[in-house]
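A.B. asks: Sharing a sequence plus its predicted fold:
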Amino acid sequence: MNDRKTRRVVPAVEVIRRPASTPGSAPVTPTPTATTPTPAPTPRPTPTPRPAAPAPTPRPTAAAPTPAPTPRPTSPAPAPTPAAPTPRPTAGVAPTPTPAPTPRPSTGVAPTPRPSGMGPGAGARPMGPRPGGPPGAGPRPGGFGGRPGGFRPSTPRPPPTPEQIQALAVREHVPARIAKGELEGKMKCRIWRKLHAEEAKRFDQVYELMGQTPSLSLGDAFGVLQSGMTVAEFMARKERTQRKAAIKQARGEVENAIVAEFLTGLIGAKAEVSVVLAERSLLDTLQVEEPIAFTLERTGRLEKLQVVLLARRADWERLLPGLERDAKLTQKPAAVARQPDKRPYSDPRAFLDHIGQTVKLVLRNGITLQLPLMHVGRFDLLLGETGHEVFVPLHALLRFEPPAAAESDTEDEA
């Protein structure tokens, strides 16, 4: 009998052995790695058959809940490895079957159930109340999110007063509209002055002129600067312009129908009239009445400014012997200014209160009339009685005396 063991060819299989744990030591927790199926280990035959201690089965550790919103894929559990083939028994050795290794449990973490509304297609998560103040205290101070300098709540500011606008305009030498814009939060005055340097220079000159003449307004100061006049000359021209506008308005407030009807009656009747001029009289027939002239049958066109008085021939011959005359004006009649504002009487409203009263009128050629005032037109007066009217243009008046003044003069003479 041969004592030497017959050597057999061991298949080229790598055997991975798990170290046995010693009593008292903590069990080794395998690292969570992806398990791949490995070939079953082939038991090495030993002379003395010993039962191999089974390796302790590791307990799956409880995985802490993962806060990540997206779940990670878990590794699939490995399928049980098939048992290794049983080796052929050799002479004199009884083979002992080795138990197959226990498949390792999956170390993957079970997915934590996601709360409702947190899926990939879900909307934004509702936000809780923002801390930072007691309930009911309103929005936090500052801008968006409480940050200083952010978007602040728009609170309506009070409108600027005219005094504030004027004070800022005078201080910055800018127009009132620019000063109002700055007070309303728009363009600054200094920015406007940089963008409009030429206009800002003119405003400097205007405000300097206003400082020299406190009674001068901004518009008047611009007028003085643009016209090149002195302040006195400009103010005199302004006064004349205002008087012209006032006279035009006053004439529009007076009815002229009765005076126009009187002239139309003379033209229609072809009555012979006496036209008194500054230094002479005319006997003629009135044919046409124009806004600024009369057209006579024999004399032709006659400007109204030359007419002092107009009446029927019979009425004038009756009045002529008892007329009073001013000697100086008879020798040198007063001239008529073409500008209405330079004439003694251009506003017809001054005569409206004396209709029906006997008034005293001194004309520019010295003739003095004391007759009842019948009607007042826009440019003329009618004196006398019905059927015996006397037409007197306002531009021919040199002096007007109301009835009270006329009576006092009569008492003084007595």
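C.D. replies: Nice, thanks for sending it over.

A.B. asks: Point out where the stretch 51-200 of the chain drops to low pLDDT.
C.D. replies: Along the stretch 51-200 of the chain, the parts satisfying pLDDT under 70 run over 51-154.

A.B. asks: Domain boundaries for the chain, per the record?
C.D. replies: Domain assignment for the chain by automatic domain parsing gives 162-228, 257-413.

A.B. asks: could you dump the ones you listed to CSV with distance to residue 249?
C.D. replies: The C-beta positions use only the backbone N, C-alpha and C, and glycine is treated the same way. Putting the domains of the chain into CSV (distance: least, C-beta to C-beta, whole Å) gives the following:
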stretch, distance to residue 249
domain 162-228, 20
domain 257-413, 9
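
A.B. asks: Make TSV out of these and add mean neighbour count and distance to residue 234.
C.D. replies: Putting the domains of the chain into TSV (neighbours: other C-beta atoms under 10 Å; distance: least, C-beta to C-beta, whole Å) gives the following:
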stretch	mean neighbour count	distance to residue 234
domain 162-228	15	5
domain 257-413	16	16
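
A.B. asks: Any idea which of these gets closest to residue 240?
C.D. replies: Smallest distance to residue 240 across the domains of the chain (C-beta to C-beta): 5.2 Å, for domain 257-413.

A.B. asks: give the contact list for the closest residue to residue 354 other than its chain neighbours.
C.D. replies: Distances taken as C-beta to C-beta, 6 or more residues apart in numbering put residue 373 closest to residue 354, at 5.3 Å, once the chain neighbours are dropped. Residues in contact with residue 373 (C-beta atoms under 8 Å, 6 or more residues apart in numbering) are 351, 354, 355, 356, 357, 358, 359, 381, 382, 383.

A.B. asks: wait, doesn't the fourth one sit right on residue 371?
C.D. replies: No - counting by C-beta atoms under 8 Å, residue 356 sits too far from residue 371 to count as a contact (11.6 Å).

A.B. asks: Checking residue 194 next. Helix, strand or coil?
C.D. replies: When classified by DSSP: H, G, I helix; E, B strand; the rest coil, residue 194 comes out as helix.

A.B. asks: picking up where we left off before, which strand or helix spans the residue nearest to residue 354?
C.D. replies: Per DSSP states H and E, residue 373 falls inside strand 367-376.

A.B. asks: Contacts for stretch 335-342, please.
C.D. replies: With C-beta under 8 Å, 6+ apart, stretch 335-342 has contacts from 240, 243, 244, 247, 305, 343, 346, 364, 395, 396.

A.B. asks: Put together a markdown table for the residues you listed, with distance to residue 330, pLDDT and secondary structure on each row.
C.D. replies: Listed next are those as a markdown table, based on distance: C-beta to C-beta, whole Å; pLDDT from 0 to 100; DSSP: H, G, I helix; E, B strand; the rest coil:
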| residue | distance to residue 330 | pLDDT | secondary structure |
| --- | --- | --- | --- |
| 240 | 31 | 86 | helix |
| 243 | 30 | 87 | helix |
| 244 | 31 | 87 | helix |
| 247 | 29 | 89 | helix |
| 305 | 19 | 92 | helix |
| 343 | 20 | 89 | coil |
| 346 | 24 | 88 | coil |
| 364 | 11 | 91 | coil |
| 395 | 19 | 92 | helix |
| 396 | 14 | 91 | helix |
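
A.B. asks: would you turn those into a markdown table with distance to residue 214?
C.D. replies: Formatted as a markdown table, the contacts of stretch 335-342 follow (distance: C-beta to C-beta, whole Å):
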| residue | distance to residue 214 |
| --- | --- |
| 240 | 23 |
| 243 | 24 |
| 244 | 27 |
| 247 | 30 |
| 305 | 42 |
| 343 | 33 |
| 346 | 32 |
| 364 | 41 |
| 395 | 39 |
| 396 | 43 |
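
A.B. asks: Touching, residue 376 and residue 353? I think so.
C.D. replies: No - under the criterion of C-beta under 8 Å, residue 376 is not in contact with residue 353, lying 9.7 Å apart.

A.B. asks: Tell me the strands beside the strand holding residue 373, with direction?
C.D. replies: strand 324-325 (antiparallel), strand 358-363 (antiparallel), strand 380-385 (antiparallel) (DSSP bridges).

A.B. asks: So which of these is nearest residue 161?
C.D. replies: Residue 161 sits nearest to strand 380-385 of all the strands paired with strand 367-376, at 50.3 Å, using C-beta to C-beta.

A.B. asks: For the next helix or strand after that closest one, name the packing helices and strands.
C.D. replies: Counting by DSSP H and E, the next helix or strand C-terminal to strand 380-385 is strand 388-393. For strand 388-393, the elements it packs on are helix 257-269, strand 309-312, helix 313-319, strand 367-376, strand 380-385, judged by 3 or more C-beta pairs under 8 Å, 6 or more residues apart in numbering; DSSP states H and E.

A.B. asks: possible to save the ones you listed as JSON lines with distance to residue 164?
C.D. replies: Shown next, in JSON lines, are those (distance: least, C-beta to C-beta, whole Å):
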{"stretch": "helix 257-269", "distance to residue 164": "52"}
{"stretch": "strand 309-312", "distance to residue 164": "61"}
{"stretch": "helix 313-319", "distance to residue 164": "67"}
{"stretch": "strand 367-376", "distance to residue 164": "49"}
{"stretch": "strand 380-385", "distance to residue 164": "53"}
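
A.B. asks: Tabulate the ones you listed (JSON lines), appending mean pLDDT and distance to residue 216.
C.D. replies: Below are the helices and strands packed on strand 388-393 laid out as JSON lines (pLDDT from 0 to 100; distance: least, C-beta to C-beta, whole Å):
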{"stretch": "helix 257-269", "mean pLDDT": "91", "distance to residue 216": "43"}
{"stretch": "strand 309-312", "mean pLDDT": "92", "distance to residue 216": "45"}
{"stretch": "helix 313-319", "mean pLDDT": "90", "distance to residue 216": "53"}
{"stretch": "strand 367-376", "mean pLDDT": "91", "distance to residue 216": "38"}
{"stretch": "strand 380-385", "mean pLDDT": "92", "distance to residue 216": "40"}
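
A.B. asks: Residue 166 is nearest to which of those?
C.D. replies: strand 367-376 (43.8 Å).

A.B. asks: tell me the angle the closest one makes with helix 257-269.
C.D. replies: Angle, strand 367-376 to helix 257-269, by axes from the mean of the first three to the mean of the last three C-alpha atoms, to 10 degrees: 110 degrees.

A.B. asks: Just the C-alphas of strand 367-376, formatted as CSV.
C.D. replies: Taking C-alpha atoms only, strand 367-376 is exported to CSV below (Å, rounded to 0.1, in the frame of the first residue of the first chain):
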residue,chain,number,x,y,z
ILE,A,367,-68.2,173.3,-28.7
THR,A,368,-70.0,172.7,-25.4
LEU,A,369,-73.3,170.7,-25.4
GLN,A,370,-75.8,170.4,-22.6
LEU,A,371,-78.4,167.8,-23.7
PRO,A,372,-80.1,164.7,-22.3
LEU,A,373,-78.2,161.5,-22.9
MET,A,374,-80.5,159.2,-24.9
HIS,A,375,-78.4,156.1,-25.8
VAL,A,376,-74.8,154.8,-25.5
